[in-house]
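*Asks:* A structural model of the following input is requested.
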Amino acid sequence: MRPLNRTAGQGGGVQVDQLKPGILPSQAIAALHEAGGIVTKRAFDDDQIQPASLDLRLGRTAWRIRASFLPGAGTSVKQRLEDLALHKLDLADGAVLETGCVYLVQLFEKLRLPADVSAATNPKSSTGRLDVFTRVITDGARAFDAIPAGYEGPLFLEISPRTFPILARTGSRLSQVRFRRGVSRLSDLELLTLQSAEQLVNAEKPDVVGGGIAVGVDLAGEAWGGLLGFRAKRHTGVVDVDRRNALDVEDFWEPIRARGRTSLVLDPDAFYILASREAVQVPPAFAAEMVPFDPLVGEFRVHYAGFFDPGFGHAAAGGSGARAVLEVRSREVPFILEHGQTVGRLVYERMSERPKALYGEGLGSNYQGQGLKLSKHFRAFVPAA
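*Replies:* Numbers count the residues shown, from 1 in each chain. This is a model prediction of the structure:
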């Protein structure tokens, strides 16, 4: 990889000279950090850089705020906090973030992006599977989770637990950022060509439109002994976001079984974990994202955590047959999902270069080769015979 040029670019950021367009891989993220494009007072954690993204860490202070907000052009986040903050929580020793409340936390990482590099953020997989709604906000932001090229300034994370109260602390990682240079998204024709060569989803007749490939829901239950998914319980205990394999599934989730049916009625405002009908894979030279489904087709939302790293579900990285786990929340009215119904679309983008390590290759990846799987905080669930 060519070194980054340290000359000042738009917004005071680091200038990157004539590098290939695409999603930045792990080695380019590390180089961006070394060149001053990512600034932090605390050294990166050993596993913080992923194949195509960087985990973001909570700082020491959380503000409980009256409502979500966007600062708008010319206004900093801290300026708005003066009007919206209710009280502060010290995260140094951990604090419980309650359901139904909105919190704001400044992240350890700050950015001095090159003039040709933008970024997008998303909840980490484990965050989405807990129904914790997170969005990154920047100074002057007019949109959530979108960081313009050349941005220089702090990052703040809005956190709103929807179902389970969570215990978080300084250094907890709930969100991730993906860096992008230029235009990297595949067109419909390019996506069809890649599907033909790599079988991105194992569908007989893949549905490709609008730059995305359709993913359906598995409600047959045949792959998991009649288990369709899980419905979240209310009024549960607290989930410590940094503890793995610590909780019994049935203290927090109600297993949903097929019982001879291939449909499921989504209760209003309930949260479900389901799985895709299709096996999904992301080839090493690409990254993918599950994009929100068209609300005109169904009154539900799928997939808070949308990033799929290079190598996810890829046979060479030990992920053959991996399904996309679907985080599903119904809206105002009950809605019937049928087996195979389209619930989301995967958008693929080119990497600027192949990452040195793929998802699942010695990175401690939690969900490689996954089927119907809850977040890492829960012990393995064994369906009753």
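
*Asks:* How far off centre is the helix or strand containing residue 29?
*Replies:* Element membership of residue 29, judged by DSSP states H and E, is helix 26-34. Relative to the chain's own centre, helix 26-34 is displaced by 20 Å; criterion: CA atoms, centre = their mean, to the nearest Å.

*Asks:* just stretch 203-214 next, same as before
*Replies:* Chain-centre distance of stretch 203-214: 21 Å, with CA atoms, centre = their mean.

*Asks:* that older thread, skip ahead from the helix holding residue 29 and say which helix or strand is next.
*Replies:* Counting by DSSP H and E, what follows helix 26-34 is strand 38-39.

*Asks:* re earlier: determine the set of other helices and strands touching the helix holding residue 29.
*Replies:* strand 173-181 (3 or more CB pairs under 8 Å, 6 or more residues apart in numbering; DSSP states H and E). No exception for glycine: its C-beta is placed from N, CA and C like everyone else's.

*Asks:* now the strand it packs on against helix 26-34, angle please.
*Replies:* 100 degrees (axes from the mean of the first three to the mean of the last three CA atoms, to 10 degrees).

*Asks:* Spell out which strands sit alongside strand 173-181 in the sheet and which way each one runs.
*Replies:* Note on strand 173-181: by DSSP bridges, its sheet partners are strand 22-23 (antiparallel), strand 54-65 (antiparallel), strand 117-123 (antiparallel).

*Asks:* Any buried residues in the longest one, and which?
*Replies:* Of the residues in strand 54-65, those scored as buried under the neighbour-count criterion (16 or more other CB atoms under 10 Å) are 54-59, 62-65.

*Asks:* Which of those residues sits closest to residue 136?
*Replies:* residue 56 (7.3 Å; CB to CB).

*Asks:* That closest one contacts residue 155, doesn't it?
*Replies:* Yes. Using CB atoms under 8 Å, residue 56 is in contact with residue 155, at 6.6 Å.

*Asks:* Identify the contacts common to the two.
*Replies:* The contact sets of residue 56 and residue 155 overlap at 107, 109, 136, 177 (CB atoms under 8 Å, 6 or more residues apart in numbering).

*Asks:* could these be laid out in a markdown table, adding neighbour count, distance to residue 144 and secondary structure?
*Replies:* Below are the shared contacts of residue 56 and residue 155 laid out as a markdown table (neighbours: other CB atoms under 10 Å; distance: CB to CB, whole Å; DSSP: H, G, I helix; E, B strand; the rest coil):
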| residue | neighbour count | distance to residue 144 | secondary structure |
| --- | --- | --- | --- |
| 107 | 21 | 14 | strand |
| 109 | 21 | 17 | strand |
| 136 | 23 | 7 | strand |
| 177 | 22 | 13 | strand |
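
*Asks:* doesn't residue 191 fall inside a helix?
*Replies:* Yes. Residue 191 forms part of a helix when assessed by DSSP: H, G, I helix; E, B strand; the rest coil.

*Asks:* quick one: it and residue 209 touch, right?
*Replies:* No. Using CB under 8 Å, residue 191 is not in contact with residue 209; the gap is 9.6 Å.
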